Structures are given as C-alpha cells and as structure tokens.
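S.K.: For reference, the sequence and a predicted model appear below.
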Amino acid sequence: MMLSAGPSQATFSIVACDRDGNCGVAVATNNLAVGASVPYAQARVGALVSQFETNPSYGPAGLALLASGAAPQAALNTLLGADGDFDGQTIAARQVGIVAADGRAAAFTGAEAQASAWAGAVSGDGYSVQGNGLAGEQVLTDMRHTFASTSGTLGERLMAALEAGESAGGQRTGRLSAALLVRTVDGDWQDIDLRVDAAAEPVKDLRRLMERHYALQSMLRAERQLRKGLKAEARMSLSEALRRSQGWDRIWRRAARLAIAMDDQAGALDYLGVLLSLNPAWAHIEMQDSLYAPLRDHPLFMAWR
C-alpha cells in the first residue's frame, strides 16, 4: 500500500474486481469526457485507469498483459517502460491504477502528477484508488472505506466510492465529467458503460444514470418472472424498477404493460398516468394499443385518450 502527498490536474478514480470476476472503474475529473479514454475493464481479467496525462494505449495493453497472466505490478512496469513519451509527456506525467481479477493491485504516480495540489494512491485486495489535484488525502481514504463497507453489486459499490470521494472534497480545480464502467461475467445488458461527458454536477448525474440502468435490470427480471408464472416475485421486481426509475418514461411504459399482463388494471392506470405526465406524446400513442382493451371503458382512460 502507498499513500503520498505533494503540492493542477484533477482526477480521482477507483478500479476494482469482485470475487465473481466482475471488474470495473468509477472516475471523475475536471476535463471533458473522461469515460472516452481513461477507464478500461474486462471481466475475469481486470481493470485499469490512465490519468493526469492519459496514455490511451495503456488500457488495451494493460488488459492484454493481465489476460496473459502478468501480475499487476509487472504489467504496470511494462506499460511504463513502453510509454515512448506519448504526446510529448514522459511517465512523470502518468498516474495509473491497475487491478487483476484475482485481487492483486498496483498503482503509480509520476513526479509531475505527484506535484499537483494533492496526489496519491492506495491499493488493497481487489481495488486501487488514486487521484491528483485533490482536496486532500481524505478523498482517497473515504473512497477506500466506502468501497470496502458498501454492499451490493460492483457497480453500486464503485458508485458509492466515487460519491464518497466527491463528498470529501473531490477535486480542487472543479468538475466536468464522470464515468462508470463495469464488465460483468454475464456480459451483454448486464454490463455498465455510463458517461457524463460535461455537466455541472457529473457525479450526481452519473448516479441517476446508474439508477436507471438497475431499474431496467429489475424490469427485465420482472418480465422474465411473469413469463415463468412467478407473479409475486414479478411484483417485487417491478416495485424495485419503479423505485429506481429516476423518471425514465420507458420504465413506466413497460410497467403499464406488465400490469395489464398481470390483470392489474388499477396498476396499469397508475403507471399510464405517470407516463402521461412524463411523455404525453408517447402515452397517447401507447394507449392506442389493443393491449389496453380492458381499460377502454374506464372513465379515466377515456378522458386521457
């Protein structure tokens, strides 16, 4: 483990893998579109960030090294040795965090990065947190503690850690973008690749996006459960989807359809009412569907149409 401080660039991040082999990154910065070049992850392999002055070749090359069996420190040494002074910068301008799926981790903070307002890194079993241009050491300390003490999916734990860093003061030079990347062992729609490219409150906006991701996962689960005849379970998953929907009209539309499929006309009316408030044009199109024939003579439904 390494913690260090120095007298601005500004980025803070966490890379981590869980015991199931899911690997991911959460990162925030005062630069544009951090998710486009800084975070990299691969399920059952590992995760990596290259920040301060990003060398975009580190991500693919680092994951390839981990996949070949290299330990994180060895992979990191290889990356630094092959830097080639990309973009006119030397490794003094690099800050890197890397973690393998087996829990080993390593980090590097070059001399230029180290000289920013506050810079450092701390690695442990299954994670590495690192940052530069920070309000202080507490940013990384709180990120590490929150990640270790938070339950839930890897995405939820990474998001909580990023929020903890922000609450501890985050970056001294402002904020602009944030990203959450999780590559899961299941892949496909279970993966997370969410980016806030430019916003006044990127970490808050990223939380809203993540909630919508999990709302969709809950809705998909509810639909699968109903197809299997598990109505009680489907209702619980539906409730979770609505709780996390963050005003996403698509979730409320699917909720109305699911309610009709469960012969829950009152619920369908409630969900259509919310859809109508969120997206009137789509709601009026939706209500033309023959699926809603059981509601056709209901006074409220008739008034909406």
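M.R.: Nice, thanks for sending it over. Residues are numbered from 1 along each chain as shown.
S.K.: Could you list the buried residues of stretch 89-105?
M.R.: Across stretch 89-105, burial judged by 16 or more other Cβ atoms under 10 Å covers 89, 91, 93-105. Where C-beta positions appear, they are placed from N, C-alpha and C, glycine not excepted.
S.K.: starting at the chain centroid, how far to it?
M.R.: Centre-to-centre, stretch 89-105 and its host chain are 19 Å apart (Cα atoms, centre = their mean, to the nearest Å).
S.K.: before we move on, what about stretch 139-147?
M.R.: Worked out by Cα atoms, centre = their mean, stretch 139-147 lies 16 Å from the chain centre.
S.K.: And what about the most centrally placed residue in the chain, helix, strand or coil?
M.R.: By Cα atoms, centre = their mean, the chain has its centre lying nearest to Leu180, at 2.7 Å. Here Leu180 is recorded as strand under DSSP: H, G, I helix; E, B strand; the rest coil.
S.K.: need the strands for this structure, in chain order.
M.R.: 11-17, 23-29, 39-42, 46-52, 94-100, 105-109, 120-124, 127-132, 177-183, 192-196 (DSSP state E).
S.K.: Of all these, which one is nearest Asn77?
M.R.: Closest approach to Asn77 among those is made by strand 105-109 (8.8 Å; Cβ to Cβ).
S.K.: quick one: average pLDDT of the closest one?
M.R.: Across strand 105-109, the average pLDDT comes to 98.
S.K.: so what strands line up beside it?
M.R.: strand 94-100 (antiparallel) (DSSP bridges).
S.K.: what angle do the partner strand and strand 127-132 make?
M.R.: 170 degrees (axes from the mean of the first three to the mean of the last three Cα atoms, to 10 degrees).
S.K.: Only C-alpha atoms, please: export strand 94-100 in CSV.
M.R.: Provided in CSV are the C-alpha atoms of strand 94-100 (Å, rounded to 0.1, in the frame of the first residue of the first chain):
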residue,chain,number,x,y,z
ARG,A,94,1.3,9.5,-15.7
GLN,A,95,-0.9,8.2,-12.9
VAL,A,96,-2.1,4.6,-13.2
GLY,A,97,-4.2,2.3,-11.2
ILE,A,98,-4.5,-1.4,-12.1
VAL,A,99,-6.2,-4.4,-10.5
ALA,A,100,-6.4,-8.0,-11.6
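S.K.: and it, average pLDDT?
M.R.: 98.
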